[in-house]
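# Just to be clear, the model below is a prediction. Sequence and coordinates:
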Amino acid sequence: MANDADLVIVGGGPCGLAAAVSAQRAGLRPQVIESGVVVSTIAAYPTYARFFSTAEKLSIGGLPFVIATEKPTRRDALAYYRAVVTYFAVPVRQRERVTAIRGRLREFTVISRTAGGQERTTTAGAVVIATGYFGSPNRLGVPGEDLPHVTHVYREGHEAFLQDVVVVGGGTPRPKRRSICGAPARG
Ligand SMILES: Cc1cc2nc3c(=O)[nH]c(=O)nc-3n(C[C@H](O)[C@H](O)[C@H](O)COP(=O)(O)OP(=O)(O)OC[C@H]3O[C@@H](n4cnc5c(N)ncnc54)[C@H](O)[C@@H]3O)c2cc1C
């Protein structure tokens, strides 16, 4: 019996969407399954965040990312990646979390849970995991780490107004001459 999809892509971030566009170009039938909404990591950026990468380096599938400034804002990027999904008709199921993957090459079964709490299975010949790293922070294992005002992601600063704030770790992945998904960028 034919699989539901040739390729299931877990995660609808920029890398999952880029994988889906490439798969479609290769004549495959991809299915993206996203636990939130597409590019939910970017949607969670601080409201007025601006990328350090240029629009060209963030673009995928050859679809031009045209803005008036060199570095896009969070809002520019959200609009662009929504356009990617509609322009390339990327098949994406949102608000559906993948909970398990079973099987082997050409015979995978991907198990997911829909927003309504239903378990769903999708068969596929191959699976791409594009879940990023923002959902798996490096936890310190120290008391207080789970308090509601402690965050493991860069959040909107407004909620810390007039309060003392401790920032633990100051790194950021800074791709050099690479796009957001690691593919060589032009320029
Ligand atoms: C403020 C800020 C500024 C940044 N600026 C830049 C920049 O200028 N240039 C740059 O290259 N990078 C930048 N980054 C990093 C950039 O956001 C990441 O590199 C990028 O989002 C990685 O894309 P991804 O598709 O690998 O992962 P993500 O964008 O994290 O996407 C992963 C997706 O997988 C979904 N997912 C996770 N688990 C499951 C599951 N079990 N089932 C289904 N779906 C699941 C998540 O909901 C998410 O939508 C910045 C980050 C921050 C916070």
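That came through, no problem.
# residue ranges with poor pLDDT in the chain?
Applying pLDDT under 70 to the chain picks out residues 172-179, 182-187.
# where does it come near the ligand, residue by residue?
Counting by Cβ under 6 Å from any ligand atom, the chain comes close to the ligand at 10-16, 33-36, 40-42, 45, 49, 51-53, 97-98, 130-132, 134-135, 154, 175, 180. Any C-beta I mention is one placed from the backbone N, CA and C, and that applies to glycine too.
# burial count for residue 121?
11 (other Cβ atoms under 10 Å).
# The one 3 residues further on too?
By other Cβ under 10 Å, the residues close to residue 124 number 23.
# ok, it to the ligand distance?
Counting by Cβ to the nearest ligand atom, to the nearest Å, the gap from residue 124 to the ligand is 14 Å.
# for this protein, longest helix please?
In the chain, with assignment by DSSP state H, the single longest helix is helix 74-87.
# residues of it that come out buried?
74, 76-78, 80-81, 84-85 (16 or more other Cβ atoms under 10 Å).
# Show only the entries of the residues of the chain next to the ligand found in helices.
Per DSSP H, the subset of the residues of the chain next to the ligand in helices is 14-16, 40-42.
# Please consider this matter closed, and thank you.
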